[in-house]
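# Structure of the sequence below:
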Amino acid sequence: MENVVLTIHLLLALALIGVVLLQRSEGGGLGMGGGGGGAMTGRAAATALGKVTWILAAAFIVTSITLTIIAAQQSAGSSVLDRLGDQPAPVEESVPGLPGDGSLLPPSSGDTAPLTPTAD
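Predicted structure coming up:
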């Protein structure tokens, strides 16, 4: 059931993108500019693409809510912490060629004298 709703949801998303891109631009971002008619006047006549956009948007929201409900029902009674407790502990491995403690320092040769600058 979830796969069917998810497939419909993806098709609706693609159709909604296509319909929005087909619509005529009314100039200016966020309703700025664009001349006498448009968003600043009364209600404009609804075009066929506008109606299709509203229908696709409503269907997209319905499928979004449906997918949320399905996901909530499937995860009811379980916790993320419950799922983490089922996994085995990770195994630490040392890198070959390095000392056993995994440090990046070369093994000491017994000489612990500090380096002193020499005067030339």
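
# Name the residues that touch stretch 58-70?
With contacts defined as C-beta atoms under 8 Å, 6 or more residues apart in numbering, stretch 58-70 is touched by Met1, Glu2, Val5, Leu6, Ile8, His9, Leu12, Ala13, Leu16. (C-beta placed from N, C-alpha, C; glycine too.)

# ok, which stretches of this structure are helices?
2-22, 48-74, 80-85 (DSSP state H).

# what residue ranges in this structure score low on pLDDT?
For the chain, applying pLDDT under 70 flags the ranges 27-45, 83, 85-90, 94-117, 119-120.

# 90 instead?
Within the chain, the stretches with pLDDT under 90 are 1, 23-48, 72-120.

# May I see the helices of the chain organised as a markdown table, with mean neighbour count added?
Converted to a markdown table, these look like this (neighbours: other C-beta atoms under 10 Å):
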| stretch | mean neighbour count |
| --- | --- |
| helix 2-22 | 13 |
| helix 48-74 | 13 |
| helix 80-85 | 8 |
